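1. sequence below, structure please.
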Amino acid sequence: MEKKINYKYTKLACYIGYITQAIVINLAPLFFAIFSDSYGIDNSSLGMLILVTFVTQIITDITAVRLTTRLSMRACATLAHCFAFAGLVLLGILPVIMTDTFTALLIASIVYSVGGGLIEVVISPIVDAIPVEVTGEQGAAKAAEMSFLHSFYCWGQMAVVLISTLLLSLIGGDKWMFIPIIWAAVPFVN
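-> Numbers count the residues shown, from 1 in each chain. Modelled structure (predicted):
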């Protein structure tokens, strides 16, 4: 008798991976007004944070190909979540303890962007490799599965904006640094 493998938890971890990517990409811009008002960071520097996030993810995407040939996809996905977790914690801690707030934000941005870039490279192939248990058109079922996976980025973005805005209104903008640390629980648990 052939043993049937259940990929339910693998898929769930991949869905949460895309939520993690939404967190690392969309959280910091929600604080840009606070960074400007509280720390005097100008608009060009805020734009530089966006650029650094994007470039770091692209470089990670390019170099991750070599990493995935040396490590397993699971190890790379775990490493991605470790970087995302560390970067989010650093986003909450470094601006408070460092005198140069912009440098603190750059460091955190680079760290969590490596995690976001790795997630981008490894999560889709993991889900794509999972067999689809559907009778009929396999290609359509696989396309639906991949679309469902990618929708979690959108759901994650919506959750980040809504929950973070709610938290900012409850705790105040002067305590923004707790929000990234709260969000760091997502990649930590995953």
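2. can you pull the contacts of I34?
-> Neighbouring residues of I34 by C-beta atoms under 8 Å, 6 or more residues apart in numbering: G173, W176. Backbone N, C-alpha and C define where each C-beta goes, glycine included.
3. ditto for L91
-> Contact criterion C-beta under 8 Å, 6+ apart gives L27, A28, L105, A108, S109, Y112, M177, P180 as the residues in contact with L91.
4. apply 6 Å and report the result again.
-> Contact analysis of L91 by C-beta atoms under 6 Å, 6 or more residues apart in numbering lists A108, P180.
5. that one and A141, how far apart?
-> If you measure L91 against A141 using C-beta to C-beta, to the nearest Å, the figure is 39 Å.
6. may I see the buried residues of whichever helix in the chain runs longest?
-> Here the longest helix in the chain is taken by residue count, with DSSP state H as the criterion, and it is helix 138-171. For helix 138-171, a neighbour-count test (16 or more other C-beta atoms under 10 Å) marks K142, E145, L149, F152, Y153, G156, Q157, A159, V160, S164, L167, L168 as buried.
7. identify the farthest-apart pair in the residues you listed.
-> Across the buried residues of helix 138-171, the longest distance by C-beta to C-beta is 39.9 Å; it joins K142 and L168.
8. name the element the residue nearest in space to the middle of the chain belongs to?
-> Against the mean C-alpha coordinate of the chain, by C-alpha atoms, centre = their mean, the closest residue is Q21 at 2.3 Å. Following DSSP states H and E, the helix or strand that holds Q21 is helix 8-26.
9. how far does that helix sit from the chain's center?
-> Relative to the mean C-alpha coordinate of its chain, helix 8-26 is positioned 7 Å out (C-alpha atoms, centre = their mean, to the nearest Å).
10. so that helix versus helix 138-171, what angle?
-> Using axes from the mean of the first three to the mean of the last three C-alpha atoms, to 10 degrees, one finds that helix 8-26 and helix 138-171 are set 50 degrees apart in direction.
11. with only the CA atoms kept, save helix 8-26 in PDB.
-> What follows is helix 8-26, C-alpha atoms only, in PDB (Å, rounded to 0.1, in the frame of the first residue of the first chain):
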ATOM      1  CA  LYS A   8      -0.900  20.900   4.000                       C
ATOM      2  CA  TYR A   9       1.700  22.400   6.400                       C
ATOM      3  CA  THR A  10       4.200  23.000   3.600                       C
ATOM      4  CA  LYS A  11       1.500  25.000   1.700                       C
ATOM      5  CA  LEU A  12       0.500  26.900   4.900                       C
ATOM      6  CA  ALA A  13       4.200  27.800   5.500                       C
ATOM      7  CA  CYS A  14       4.500  29.100   1.900                       C
ATOM      8  CA  TYR A  15       1.300  31.200   2.300                       C
ATOM      9  CA  ILE A  16       2.700  32.700   5.500                       C
ATOM     10  CA  GLY A  17       6.000  33.300   3.600                       C
ATOM     11  CA  TYR A  18       4.200  35.500   1.200                       C
ATOM     12  CA  ILE A  19       2.600  37.400   4.100                       C
ATOM     13  CA  THR A  20       6.100  37.800   5.500                       C
ATOM     14  CA  GLN A  21       7.200  39.300   2.200                       C
ATOM     15  CA  ALA A  22       4.300  41.700   2.300                       C
ATOM     16  CA  ILE A  23       5.300  42.700   5.900                       C
ATOM     17  CA  VAL A  24       9.000  43.400   5.000                       C
ATOM     18  CA  ILE A  25       8.100  45.400   1.900                       C
ATOM     19  CA  ASN A  26       5.200  47.500   3.200                       C
END
